[in-house]
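In: the sequence and its predicted three-dimensional model are supplied below.
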Amino acid sequence: MRNKLSSVLTLLAIAIFFAGCYDTVISPGLNSIPEALITSPTEGQSYVEGDSVHFAGSGMDEDDGELAGSSLTWSSDKDGVLGTGGSFSRTDLSVNTHVIKLVATDSRGRADSAKVTIHVDEAPPVRVLFIGSSHFAYNTLHIMFRDLARSGGREVLVDAYTVGGARLEFHASNPETLEKINSQQWDFVLLQGSAAVIAFPDTHQYLFYPYEWSPLKGPLKELKRQIEANCPTTKTVYMMNWAYEDGLTWIEGRTETYFDMQQLIYDNTLSFNEEIGLVVAPVGWAWRQIMATGPELHYLFNPDWSHPSVRGSYLTACVFYSILFMEESTHCTYYADIPEEEAQIFQFSASTLVLRFLDLWNRQ
C-alpha cells in the first residue's frame, strides 16, 4: 500500500512539474508573435505610372508594443525592397501587378506579415496642341518639343495647326481651328499670337503697314472658352512672344530696340493675363536672358530678324517643357543638333526662369 501511495505521489509530482513547464511555454508575452497590418495601399487599388503610392502600416507586439522603423519592412514581388517604417511614399513603382508585403519583426526575431495586391498601369500620353502662325511652324517646333519631352521620360502626343501670318483673331473664328481643338481631350493647348499686337495693342496698325488693327483680349477669351468647352480640364497656355531682333529701329523715325520691345511684350502679357487667367509660357523673357549675353547676330533668329533659328526654337521648347511639366529640362538628352554645352545652357536658363516664378506665370 505504501509503495502504491508513493508511486501515485511521484506521478502527481511529475504531472505538476510538467504542467508548470507547459504554463511557462504558453505564458502570454513570451512566445506571442507580432501582428502586421497594412492600412495603405488597399487591396486591388490601381495607380498610374508615376503616381505617388503611399505606404502606411503598423506592427503590434505584446512585449515590445508598437513596432516602428526598421522593424517594419516593405517589399514588392516585382520591385524588391521598397522601404522601412510606418509611413512613406514612392513614385517609381514599375508598371505591373504588385504583391505588396509588410513584415513586422519584434526584438526576439519573431515576425508576421501582411499582403495586398495593387496595380500600376502605364500613364497615358500628355496631349499637347500647338495653335499659331509660322513662328510655331518653323523648325517643326511641336516635333522638337515631343523629342525633348521623350528624352526626359515624358510620353507626349502632339499636334499643331499653324497658318502663316495668322493672328489669334483668325483662329478664334476659324472652323478648322475649332475642329482641331475638338479632335482630342487635350491636356494643354499652346497659343502663339503676334508680337506686334501684344507690344503695341492700340497702335500696331499704324506701325506695321499693311497691318489692320487686331484685338487680342477678345480672341484669347474666345479661344479659352472653346478649349474648355471641349474639355474643362485642359489648360490654355499663352506664349509670351519674343521681340523682333532689331526692335522697331528698321522703321523710319522709331528708336525702340529689341530690349525696349521685349519689355513692352512682357508688361502687356502679364497685364492682359490678369483679366483672362491663362497660363503664361515666358518664352520671350527666356530669349531676353540669352540676348542679354550679347550673342552673335541671328543667334536665336533667322536672318529675317523675326522667325526663330533652330536655337531659338529649342529654347522655346525648353520653356514649354518646364511650364507644362513643372520640372527642369536639364536631364533631357535631346539637343536638336545643337552643341550639347549650348543646349544645356538653354535648358538651365529656361528651367530656372519658369520654376522660380510659377505664380507669376499663373502655374500652380
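Out: That came through, no problem.
In: next SSE downstream of the helix or strand harbouring F55?
Out: Using DSSP states H and E, F55 maps to strand 53-61. Where DSSP H and E defines the elements, the next helix or strand beyond strand 53-61 is strand 65-67.
In: which residues sit against that following strand?
Out: Strand 65-67 has contacts (Cβ atoms under 8 Å, 6 or more residues apart in numbering) with P34, S58, G59, M60, D61, A104, T105, D106. Glycine gets a C-beta too; all of them are placed from N, C-alpha and C.
In: switch to 6 Å and redo it
Out: G59, M60, D61, A104 (Cβ atoms under 6 Å, 6 or more residues apart in numbering).
In: same check, this time on stretch 191-208
Out: By Cβ under 6 Å, 6+ apart, the list of residues contacting stretch 191-208 reads 131-132, 135-136, 167-168, 211-214, 216, 238-239, 241, 261, 264-265, 268.
In: so for it, mean pLDDT?
Out: Taken as a whole, stretch 191-208 has a mean pLDDT of 95.
In: ends of it, how far apart?
Out: 22 Å (Cα to Cα, to the nearest Å).
In: just give me how far that stretch sits from the chain centre.
Out: 33 Å (Cα atoms, centre = their mean, to the nearest Å).
In: list buried residues within the contacts of stretch 191-208.
Out: Neighbour-count burial (16 or more other Cβ atoms under 10 Å) applied to those gives 131-132, 135-136, 167-168, 214, 216, 238-239, 241, 261, 264-265, 268.
In: which of those residues fall in helices?
Out: Using DSSP state H, H135, F136, L168, M261, L264, I265, N268 are the members of the buried ones among the contacts of stretch 191-208 that sit in helices.
In: among those, which two are most distant?
Out: Greatest spatial distance in those: F136 and L264, 21.5 Å, computed using Cβ to Cβ.
In: ok, the ones in helices among the buried ones among the contacts of stretch 191-208 vs P125, which is closest?
Out: F136 (19.9 Å).
In: pretty sure the closest one contacts T162?
Out: Yes. Counting by Cβ atoms under 6 Å, T162 is a contact partner of F136 at 4.8 Å.
In: where do the helices of the stretch 251-364 of the chain begin and end?
Out: 258-276, 283-291, 310-325, 340-356 (DSSP state H, counting those that start in this stretch).
In: in a markdown table, list these along with mean pLDDT.
Out: Shown next, in a markdown table, are those (pLDDT from 0 to 100):
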| stretch | mean pLDDT |
| --- | --- |
| helix 258-276 | 97 |
| helix 283-291 | 98 |
| helix 310-325 | 98 |
| helix 340-356 | 98 |
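In: can you list those in a markdown table and add distance to E228?
Out: Converted to a markdown table, these look like this (distance: least, Cβ to Cβ, whole Å):
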| stretch | distance to E228 |
| --- | --- |
| helix 258-276 | 12 |
| helix 283-291 | 23 |
| helix 310-325 | 17 |
| helix 340-356 | 23 |
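In: give me whichever of these is most buried.
Out: helix 310-325 (a mean of 25; mean count of other Cβ atoms under 10 Å).
In: measure stretch 48-57 end to end?
Out: 22 Å.
In: how about the nearest residue to A243, chain neighbours excluded?
Out: Spatially, and ignoring its direct neighbours in sequence, A243 is nearest to M261 (3.7 Å; Cβ to Cβ, 6 or more residues apart in numbering).
In: which residues touch that neighbour?
Out: A199, A243, G247.
In: what is the neighbour count of the second one?
Out: Applying other Cβ atoms under 10 Å, we find 28 other residues in the vicinity of A243.
In: dihedrals phi and psi, it?
Out: Dihedral pair for A243: phi -80, psi 170, per degrees, to the nearest 10.
In: which residue ranges of this protein form strands?
Out: 35-40, 46-48, 53-61, 65-67, 72-76, 80-84, 87-90, 96-105, 111-121, 126-132, 156-162, 188-191, 235-239, 279-281 (DSSP state E).
In: for the closest residue to G312 other than its chain neighbours, phi and psi?
Out: Counting by Cβ to Cβ, 6+ apart, G312 lies nearest to L300, which is 3.8 Å off, once chain neighbours are set aside. With angles defined as degrees, to the nearest 10, L300 sits at phi -100, psi -10.
In: quick one: L300 and T255, what's the gap?
Out: Counting by Cβ to Cβ, to the nearest Å, the gap from L300 to T255 is 22 Å.
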